Structure formats: structure tokens, C-alpha cells
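*Asks:* structure for the following, please:
(2 chains)
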Amino acid sequence: MPHLRPRLGWPYWFGGLLAGLLSVAYLAAAGHPWGITSTWMYWVAWLAGKDCWPYFACTGKAAWVRAPWLYCGTWFNLGIVGGALLGAVLAGEFKWRWPRRRRAVVAAVLGGALMGYGARLAGGCTVGALVGGVSTLDLHGWVFAAGLFLGAWPGLGLLKRFFL
Amino acid sequence: MRHELDLVGEVCPVPVLKAAEAMERLAPGDVLTIITDFARSVRNLMDWAERCGHPFEVEELADGSWAVHVSKV
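*Replies:* Reported below is the predicted structural model:
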């Protein structure tokens, strides 16, 4: 029997539908699929002064490395953080949260580094490769999804071993 | 009997896994109260309790802080 649900955000299916529609709008407006991690790459390369790397020169992206603040992804990524903050405040859910255990911090840093590295090898993260790939009818999004499910299996094993 | 599980600072899916583990040790009629400050976990806990057929109640303690009371059937 369905219970009365308090205000805890929209259901997952509604969020998914909105993200799908907005990613199509992004493609139409920006001319390339929505992504998150390319922006970080431009910023890190800018910090390291690596606009001369063939990877950027050959793909015509050296300009983004020289001025990553001109890349639209920068503003979209900031918008995600700002939007999340605004959503939490408006829903009355804002709270400063601290990890309970130090190993959670270690796991987050290690996991984030691995995910960042993997996202560059895969040509995107769950957004750029999965949402961007599937929504533009590109096969690599589906291959990425299969990899996600396969990776979640040992991931859950690690989580149960270290966090339960 | 009432039992409390303070899971403030834990993120998904740890709270729902810990709650399921604790529920195993409870007797029918016992109430398990899970304290969490992770909104997605509240939803996960509600889904889990609903799936198991345990009646539950969500109490908002403060902004971004909840107590989920689950009665074992």
C-alpha cells in the first residue's frame, strides 16, 4: 500500500525524465552532448599549462585549455552545484554534513581519482558517456552502461567489506 | 522494545544495509528508529520498509535530519 511521502524530492523517474529532456536541449544549444568531466580536464590542463599537448591541439580544444572559463561546461558544472544548493535550501534540507568515518574520506578521494581517470579513458563519465551517448543514439553509451553494471558488482562487495 | 540506530554522516547505501541487518535481530513488534541526515537514504529506507511490509513513519528532526521509525511485523 502506498504511504504518504513527505517532501523528499521528486521521484527518480521524474528526475530521469527531466535530465533526459534537458540533455537533448543541451545538445541543441551547445552543439555537443552534455558532459561533466571534460571541463575538469580543461581546468587541470590549464593549471598545468598543457595547452600544447597534441591531444588538445589535434582535437581543436587548445582554446578551452587556454581559457576554460569560456567553455560552457564550466558554467553548467557551477550551475549543478548552485542548483543543488538552491534545491536543498528551498526544500528545507540544507545541513552541513561531515563524513562519519575517516575511511569514507579516503574511499571518496581514491574512488574519485579512479573515476576521473576512467572517465577520461572512456571519453566521459556517467553523464558524458552514458546520458550523452544513449541520448544521441551512440552505441558507446550502452557499452558504458554494461561496464557500469559489471563494475557495481565488485564495488558493492568492497563497500560491504569496508563499510558495514 | 525500541531500538535506535544513529547513522548520521553515513551515505547511501550504507543506512539501508545497516537497517536491514539490525532488523534481522529484532523480534516482531519491536520498533527500529534510524537517524539519518542523508535525504536519499530516507527514501531508500521507506522503499525498503514498504517492500518488506513493515509499517513506518518518518519524523523530521531538523532541516536535513530525519528519524525513520520502522515496526517489525
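*Asks:* just how off-centre is stretch A:157-164 within its chain?
*Replies:* Stretch A:157-164 sits 23 Å away from the centroid of its parent chain (CA atoms, centre = their mean, to the nearest Å).
*Asks:* for stretch B:30-42, same thing?
*Replies:* On CA atoms, centre = their mean, the centre of stretch B:30-42 falls 4 Å from the chain's centre.
*Asks:* residues of it that come out buried?
*Replies:* Residues of stretch B:30-42 classed as buried by neighbour count (16 or more other CB atoms under 10 Å in any protein chain shown): B:Val31, B:Leu32, B:Thr33, B:Ile34, B:Ile35, B:Thr36, B:Asp37, B:Phe38, B:Ala39, B:Arg40, B:Ser41, B:Val42. Every residue, glycine included, has its C-beta placed from N, CA and C.
*Asks:* neighbours of residue 69, how many?
*Replies:* In the absence of a named chain, this looks at chain A. 10 (other CB atoms under 10 Å in any protein chain shown).
*Asks:* hmm, no, I was thinking of chain B.
*Replies:* Neighbours of B:His69 using other CB under 10 Å come to 16.
*Asks:* ok, it to B:Glu4 distance?
*Replies:* 10 Å (CB to CB, to the nearest Å).
*Asks:* helices of chain A, start to end?
*Replies:* Ranges of helices in chain A, per DSSP state H, are A:12-30, A:37-48, A:54-58, A:62-66, A:72-90, A:102-122, A:132-135, A:139-163.
*Asks:* got any ranges where chain A has weak pLDDT?
*Replies:* Residues of chain A meeting the criterion pLDDT under 70: A:1-9.
*Asks:* care to break it down by domain?
*Replies:* Listed domain ranges for chain A are A:1-96, A:98-164 (source: automatic domain parsing).
*Asks:* out of these, which comes closest to B:Cys12?
*Replies:* Judged by CB to CB, the one of those that comes nearest to B:Cys12 is domain A:98-164, at 10.1 Å.
*Asks:* run the chain-centre distance for the closest one.
*Replies:* 10 Å.
*Asks:* all helices for chain B, in order.
*Replies:* Under the criterion DSSP H, chain B carries helices at the ranges B:14-24, B:39-52.
*Asks:* chain A contacts on chain B?
*Replies:* Residues of chain B lying close to chain A by CB under 8 Å from any CB of the partner chain are B:7-11, B:13-14, B:17-18, B:21, B:37-39, B:42-43, B:46, B:50, B:56, B:58, B:60, B:62-65.
*Asks:* now distance to chain B too, for the domains of chain A, in a markdown table please.
*Replies:* As requested, those are exported to a markdown table (distance: least, CB to the nearest CB, whole Å):
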| stretch | distance to chain B |
| --- | --- |
| domain A:1-96 | 3 |
| domain A:98-164 | 3 |
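*Asks:* got CSV for those domains, with distance to B:Arg25 too?
*Replies:* Output for the domains of chain A, formatted as CSV (distance: least, CB to CB, whole Å):
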stretch, distance to B:Arg25
domain A:1-96, 25
domain A:98-164, 14
